[in-house]
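> here's a sequence, model it:
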Amino acid sequence: MTTHAIMSERRHLINLAYRLLGSLADAEDVVQETYARWYAMSEGQREAIENPPAWLTTVASRICLDLLGSARARRESYVGEWIPEPVPGRTDWVSARPGTDPADRVTLDESLNMAFLVVLESMTPAERVAFILHDVFRYSFTEVAEIVGRTSAACRQLATSARRRIRESQASPTPTARRAGIVRDFKLAWEAKDIDALIGLLDPDAKVIADGGGLANTVIRPVEGAEQIVRYALTLAGLAPAMTIQEQTVNGQPGLVGVVDGVTVAVMAFDVADDRITRIWAVRNPEKLRPWAAVPQQ
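From the prediction side, this is the model:
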């Protein structure tokens, strides 16, 4: 297999590792390590591998599985809430496996949105890997079993358990155009400091979860309830009068980005149900905002 063909697998591996880890930076490290292991082998060893793409996927998945096993311990020392790293753009870097059925239950775009990634965080490492490999990237359970080192039956059970978690967490889907309108209305009401409009856009039990990682000022615990959220939003507006709010695509969904002097200082993802905002995930940790440095500002 040519060097070009091997390197062309990079996009697929990044897509896979990001969904497994919830961090684009970690995904890039995993892919770099995967290629390092490939090129550390002799030419004869590489030529003996019958299916190099499958080998790369297996190695990357196993590295992710190891990282997931230690991630929970690392996050216990994380300052405040941990939110998956947001990614910009329309998800045109998403690539499916050849032969992927468009009618599959979980599409690649769905597996990118923040609400989906947050649910993945509640899964065990084995559940997450089995589910992502099978339900999202359409690997057979035989292939998944070889990667995670369990039986096909065990992997099927893991995916079933993960699927149940996803199903229990999902609300009725809101069309993207409608979701975009609600997020835009929230932006306008926030800028106008329109308390009644803000409360009307929020579910009474809505929640804001912020991630500063100890590197940016933000709330350590979730802000719960529409009135509390409005109070928090207006306080933020007063503390950062120079911040402009822009509409951007966040993890494939309508979101908002806070910009100060041309620098992205906050990325907000939203979950919407029954025309009300139920969740806002606000990422302030600058280490998680590096992919947003090149996003064109409005």
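> for the rest of this, base every contact and every neighbour count on C-alpha atoms.
Noted.
> hey, which helix is longest across the chain?
helix 52-76 (DSSP state H).
> list the contacts of E9.
E9 makes contact with P53, according to CA atoms under 8 Å, 6 or more residues apart in numbering.
> shaky segments in the stretch 1-150 of the chain?
90-108 (pLDDT under 70).
> would you map the helices across it?
Under the criterion DSSP state H, counting those that start in this stretch, the stretch 1-150 of the chain contains helices at 3-7, 10-21, 24-40, 43-47, 52-76, 114-121, 125-131, 141-148.
> any idea how far the residue of the chain most remote from its centre is from T3?
Taking CA atoms, centre = their mean, the residue of the chain most remote from its mean C-alpha position is G44, at 38.2 Å. Between G44 and T3 the computed distance is 15 Å (CA to CA, to the nearest Å).
> then A282?
40 Å.
> out of the two, which sits in the more crowded spot?
Taking neighbours as other CA atoms under 10 Å, A282 and T3 compare with A282 leading, 22 against 7.
> how's the chain carved up into domains?
For the chain, automatic domain parsing gives the domain ranges 3-169, 180-292.
> for the residue lying closest to V129 once chain neighbours are set aside, what are its contacts?
In space, and not counting its chain neighbours, V129 is closest to L20: 6.4 Å by CA to CA, 6 or more residues apart in numbering. Neighbour list for L20: 64, 128-129, 132 [criterion: CA under 8 Å, 6+ apart].
> top of these by neighbour count?
Result: V129 is most packed of these (other CA under 10 Å), 30 neighbours.
> hang on, it packs against I63?
No. V129 lies out of contact with I63 (CA atoms under 8 Å); the separation is 11.0 Å.
> circling back: single out the most deeply packed of the helices of the stretch 1-150 of the chain.
Of all those, helix 125-131 has the most neighbours on average by mean count of other CA atoms under 10 Å, namely a mean of 26.
> what would the helices of the stretch 1-150 of the chain look like in a markdown table with distance to W82?
As requested, those are exported to a markdown table (distance: least, CA to CA, whole Å):
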| stretch | distance to W82 |
| --- | --- |
| helix 3-7 | 32 |
| helix 10-21 | 12 |
| helix 24-40 | 14 |
| helix 43-47 | 39 |
| helix 52-76 | 7 |
| helix 114-121 | 10 |
| helix 125-131 | 16 |
| helix 141-148 | 26 |
